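Asks: I would like the atomic coordinates for the input below:
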Amino acid sequence: MVAHVHKWYEYDYKTGKIRLLRRKCPRCGSIMAYHKVPVPRHHCGKCGFTIFETQEQGRGRARGR
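Replies: Below is the predicted model of the structure:
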């Protein structure tokens, strides 16, 4: 898990700030996984919260357990 942590953040050399590339779970604060198949969505493995991506609006709809 720690081996891929450099892929989760982006460093801005001009401002000296670090930015998280992935979405955080609004429920528990964990980093969410992104899945493309069968439906594009962000999913939290800790609490089960899911945000589905919709093509029409560009924003997702949320669903939890």
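Asks: Low-confidence ranges, the protein, go.
Replies: Within the chain, the stretches with pLDDT under 70 are 1-2, 55-65.
Asks: residue furthest from the geometric center of it?
Replies: The C-alpha centroid of the chain is most remote from residue 14, which lies 24.8 Å away (CA atoms, centre = their mean).
Asks: Who are the contact partners of the most centrally placed residue in the chain?
Replies: Residue closest to the average C-alpha location in the chain (CA atoms, centre = their mean): residue 23, at 2.8 Å. Residues counted as contacts of residue 23 (CB atoms under 8 Å, 6 or more residues apart in numbering) are 31, 32, 34, 42, 51. Glycine gets a C-beta too; all of them are placed from N, C-alpha and C.
Asks: In strands, which of those residues appear?
Replies: 34, 42, 51 (DSSP state E).
Asks: what's across from the second one in the sheet?
Replies: Using DSSP bridges, the beta-bridge partners of residue 42 come out as residue 34, residue 51.
Asks: What segments of the chain are strands?
Replies: 9-12, 17-20, 33-35, 41-43, 50-53, 60-63.
Asks: Let me have these in CSV, extended by distance to residue 27 and mean neighbour count.
Replies: CSV is the format used below for the strands of the chain (distance: least, CB to CB, whole Å; neighbours: other CB atoms under 10 Å):
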stretch, distance to residue 27, mean neighbour count
strand 9-12, 22, 10
strand 17-20, 17, 9
strand 33-35, 14, 13
strand 41-43, 12, 18
strand 50-53, 10, 17
strand 60-63, 9, 12
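Asks: Mind putting these into JSON lines with distance to residue 3?
Replies: Formatted as JSON lines, the strands of the chain follow (distance: least, CB to CB, whole Å):
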{"stretch": "strand 9-12", "distance to residue 3": "14"}
{"stretch": "strand 17-20", "distance to residue 3": "18"}
{"stretch": "strand 33-35", "distance to residue 3": "16"}
{"stretch": "strand 41-43", "distance to residue 3": "21"}
{"stretch": "strand 50-53", "distance to residue 3": "26"}
{"stretch": "strand 60-63", "distance to residue 3": "29"}
